[in-house]
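[1] everything below, folded, please.
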Amino acid sequence: MHTAIKTVEARQILDSRGRPTIEVDISLDDGSLGRAAVPSGASTGTHEAHELRDGDPQRYWGLGVLKAAAHVNTDIARSIKGFDAMDQCGLDKRLCELDGTEQLKRLGANGILGVSIAACRAAAASRGIPLAAHIAELAGNPRQQMPLPMVNILSGGLHAGRGMDVQDFLAIPARADSIDEAIHTISLVRSAAAKVCQSRGLPTLLADEGGLSPGCASGMEALQLMCQSIEAAGLRPGEDVLIAIDVAATSLKDADGNYRLAREGKTLTSSEMVAMMREWVDNYPVVSIEDGLDEEDWTGWAELTRQLGERIQLVGDDLFTTNLKRLQTGMDGKAANGVLVKVNQNGTLSGTLDVVAHARANRYSTIISARSGETEDAFIADLAVGTAAGQIKIGSLRTSSTVGKYNQLLRIEAAGNAPYAGTQALGIRK
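    Numbers count the residues shown, from 1 in each chain. So this is what the prediction gives:
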């Protein structure tokens with residue numbers, strides 16, 4: 001069997017924040033090679049697949065991944081050598097069974113995911129077809145599609161040392177008819193935002209995902225700055241460029257179950273948070289809000305969706321953690337209408353594809369997303385195209401770990417095999 005797994009090798013490398021992460025190489029009997037580097041998040045949900053860290057304070061602040069790499073090189077390697085890399089679902093099932101825990105805590109989801117993606121790449125290489133095309137077949141997807149990007153412009157929260165209460169304000173190109181034009185539009189807004197911040201004496205330090213960290217005192221102030229930046233780029237807010245917000249509200253929750261907005265000096269109830277978001281939508285061209293409430297605030301999420309779900313896209317990240325059971329709970333409770341998809345939240349490629357398929361079958365929008373701790377691996381660009389997810393959230397147009405993914409989208413588009421999704425991909429039902 002020429003696609004049987006021959007060798008498996010894992011090592012510790014560094015992510016975009018200079019923290020350790022894991023990289024896995026897989027070779028097949030026919031000589032085909034696959035490599036995967038695994039990202040890591042800062043704003044993480046409780047229910048994410050478990051990222052195994054060494055805990056040795058003398059090495060990388062306890063964040064080393066040598067244990068996870070060792071598991072790949074021993075237990076996992078022994079279990080999957082000779083396994084057919086073309087059987088992605090079977091491979092991922094074996095990996096999960098070998099670990100034996102729901103959140104992949106024993107061997108580490110970071111190592112398991114590295115193996116899962118590396119095997120996928122090796123299989124595509126053996127077939128001699130583009131990775132996105134191979135993923136499309138794994139997903140049972142008859143067509144590929146270039147995704148609509150949402151791109152960090154202003155950042156706070158855990159991505160920027162709490163410079164703002166809300167984590168990210170993002171731009172969505174509304175008039176672009178290709179990924180090339182979409183990226184150009186965003187580059188204009190990103191550059192204009194830096195100039196506007198400089199002219200107002202605001203900080204222009206970079207956050208984890210490449211956005212600016214101006215330290216706005218409130219969400220309203222950040223939205224005003226977004227609109228000024230769009231206009232400074234010679235574009236029209238609400239027509240040429242739309243706005244998305246990632247609240248990351250789980251990180252704002254206090255011990256009493258309320259939401260502490262430290263920069264604004266406010267503590268809000270769930271209902272007051274919903275009212276604040278409704279005010280944003282009423283006054284600015286906001287078309288998508290992610291994690292507007294805590295990951296366990298199901299009642300609040302249902303109310304938020306009732307009030308705004310017909311007007312804008314409401315995305316669950318910490319809420320769903322790319323977990324099929326969590327997603328179904330949200331569907332049953334009419335919470336959100338979109339899901340952020342992060343492969344390292346799930347732990348395997350097959351599990352991730354199942355979440356995308358289930359979301360789309362139930363009219364939830366899907367956004368393939370990077371993490372704040374990224375690598376040069378551009379896998380999610382191919383994943384977004386191959387699954388025809390419709391949207392992608394990579395980070396701002398800064399740093400090689402982020403720009404490399406945009407460049408991969410440009411390469412795929414140049415091949416001419418996938419039409420551009422545009423704003424029809426947004427989960428807006430009205």
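
[2] hey, let's count contacts and neighbours off CA atoms from now on
    Noted.

[3] Gly111 is in contact with Ala69, correct?
    Yes: assessed by CA atoms under 8 Å, Ala69 is found in contact with Gly111 at 6.2 Å.

[4] mutual contacts of those two, please.
    Residues touching both Ala69 and Gly111 (CA atoms under 8 Å, 6 or more residues apart in numbering) are 10, 22.

[5] have a look at these two and say which one is more surrounded.
    More crowded of Ala69 and Gly111, by other CA atoms under 10 Å: Gly111, with 33 against 26.

[6] look up the pLDDT of the more buried one for me, please.
    pLDDT recorded at Gly111 is 97.

[7] what's the answer for the one 5 residues further on, then?
    At Ser116, the pLDDT value in this model is 98.

[8] quick one: the helices in the stretch 251-400 of the chain?
    Assigned by DSSP state H, counting those that start in this stretch, the helices in the stretch 251-400 of the chain fall at 270-283, 298-308, 324-332, 343-346, 349-361, 379-387, 400-415.

[9] now those in JSON lines, with mean pLDDT?
    Listed next are the helices of the stretch 251-400 of the chain as JSON lines, based on pLDDT from 0 to 100:
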{"stretch": "helix 270-283", "mean pLDDT": "98"}
{"stretch": "helix 298-308", "mean pLDDT": "98"}
{"stretch": "helix 324-332", "mean pLDDT": "97"}
{"stretch": "helix 343-346", "mean pLDDT": "96"}
{"stretch": "helix 349-361", "mean pLDDT": "98"}
{"stretch": "helix 379-387", "mean pLDDT": "98"}
{"stretch": "helix 400-415", "mean pLDDT": "95"}
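
[10] quick one, which of these gets closest to Ala232.
    Ranking these by proximity to Ala232 (CA to CA) places helix 270-283 first, at 19.2 Å.

[11] what are the buried residues along the closest one?
    270, 273-274, 277, 280-281 (16 or more other CA atoms under 10 Å).

[12] how confident was the prediction at the closest residue to Pro203 other than its chain neighbours?
    In space, and not counting its chain neighbours, Pro203 is closest to Pro214: 4.7 Å by CA to CA, 6 or more residues apart in numbering. With respect to pLDDT, Pro214 has a value of 89.

[13] now swap in Leu158 and tell me
    Predicted confidence (pLDDT) for Leu158: 62.

[14] how about the one 10 residues further on?
    pLDDT for Asp168: 93.

[15] can you give me the strands for the chain?
    5-14, 20-28, 33-37, 148-155, 168-173, 241-246, 259-261, 266-268, 286-290, 313-316, 338-341, 365-369, 390-393 (DSSP state E).

[16] name the helices or strands packed onto the fifth one?
    In this structure, strand 168-173 makes packing contacts with strand 148-155, helix 179-199, helix 219-232, strand 241-246, judged by 3 or more CA pairs under 8 Å, 6 or more residues apart in numbering; DSSP states H and E.

[17] tell me the most buried of the ones you listed?
    Burial of the helices and strands packed on strand 168-173 is given as mean neighbour count (mean count of other CA atoms under 10 Å); strand 148-155 ranks first at a mean of 30.

[18] by contact count, what packs against that strand?
    strand 168-173, helix 179-199, helix 219-232, strand 390-393.

[19] pLDDT weak spots in this structure?
    42-44, 157-162, 427, 429-430 (pLDDT under 70).

[20] grab the nearest non-local neighbour of the residue nearest to the spatial centre of it.
    In the chain, the residue lying closest to the centroid (CA atoms, centre = their mean) is Ser369, at 1.9 Å. Once flanking residues are discounted, Ser369 sits nearest to Lys393: 4.7 Å by CA to CA, 6+ apart.

[21] OK, contacts around that neighbour?
    When contacts are counted by CA under 8 Å, 6+ apart, Lys393 touches 149-151, 367-370.

[22] let's go with 6 Å and repeat that
    Counting by CA atoms under 6 Å, 6 or more residues apart in numbering, Lys393 touches 149-150, 369.

[23] now Ile22
    11-13, 37-38.

[24] for burial, what's the neighbour tally of the residue lying closest to it once chain neighbours are set aside?
    Excluding its sequence neighbours, the residue lying closest to Ile22 (CA to CA, 6+ apart) is Gln12, at 4.8 Å. By other CA under 10 Å, 19 other residues sit near Gln12.

[25] same thing with Thr366?
    28.

[26] my guess is it meets Val339, correct?
    Yes: under the criterion of CA atoms under 6 Å, Thr366 makes contact with Val339 at 5.2 Å.

[27] dump the strands of the chain into TSV; add distance to Val356 as well.
    Below are these laid out as TSV (distance: least, CA to CA, whole Å):
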stretch	distance to Val356
strand 5-14	27
strand 20-28	24
strand 33-37	21
strand 148-155	16
strand 168-173	21
strand 241-246	20
strand 259-261	30
strand 266-268	33
strand 286-290	17
strand 313-316	13
strand 338-341	7
strand 365-369	7
strand 390-393	11
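
[28] alright, calling it a day.
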